[in-house]
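model this:
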Amino acid sequence: MRRPSLVLYYSRDGELIKTWPEDQSKVRDMAERFSRLSEVEKRKKNINLSLFLNKKMNDDRKKSLEKNDNKFSQKISEMEDSLVKRLQMFQDKLRLLRLNPHDHQTEMCAVSTDHQTDRYPFLKI
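Residues are numbered from 1 along each chain as shown. Presented below is the predicted three-dimensional model:
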């Protein structure tokens, strides 16, 4: 069911500039029906475009912040996974060194250069 709509354009001085629909008899008829409504019904049917647009912009801003927060959380999880893997790798290397320290000296030199190809070069150990 299509609801009748009425748009009234006012100047800053409060003077009526333009209406939609342009047919003045339709405008008068809708305005009279609106004036007979209770205050509660009038508030339901009255839309302030500035408030509507502000609400929409705030809703869009919240969605954008939530989306960015999710991206940030994902990046943190990726970094955590990388740290856990590197920690495990170094713990394994330390275990090997403790078992046989003389055989692994050249291997440790190679490990120290691996950090250059890591996704997070600032995590040098």
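
Could you pull out the buried residues of stretch 73-88?
For stretch 73-88, burial by neighbour count (16 or more other Cβ atoms under 10 Å) applies to R86. C-beta here means a position set from N, CA and C on the backbone, and glycine is covered the same way.

how would you label E80: helix, strand or coil?
helix (DSSP: H, G, I helix; E, B strand; the rest coil).

So it versus Q74, what's the distance?
Per Cβ to Cβ, to the nearest Å, E80 is found 11 Å from Q74.

Would you state the helices of this structure in chain order?
24-35, 39-45, 49-99, 105-114 (DSSP state H).

and the first one, average pLDDT?
Average pLDDT, helix 24-35: 89.

Show residues contacting it.
Here helix 24-35 makes contact (Cβ atoms under 8 Å, 6 or more residues apart in numbering) with P4, L6, L8, T19, P21, K42, K45.

Now the phi/psi pair for the first one, please.
I take that to be P4. Phi and psi for P4, reported as degrees, to the nearest 10, are phi -70, psi 140.

In contact with it, which residues are there?
Contacts of P4 by Cβ under 8 Å, 6+ apart are M30.

What distance do you get for it to E80?
With Cβ to Cβ as the criterion, P4 and E80 are 58 Å apart.

coming back round to it: and the helices of the chain as CSV, adding distance to G14?
What follows is these, written out as CSV (distance: least, Cβ to Cβ, whole Å):
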stretch, distance to G14
helix 24-35, 16
helix 39-45, 18
helix 49-99, 15
helix 105-114, 74
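
circling back: quick one: which two of the contacts of helix 24-35 are the most distant?
Across the contacts of helix 24-35, the two members that end up farthest from each other (Cβ to Cβ) are P21 and K42, 20.1 Å apart.
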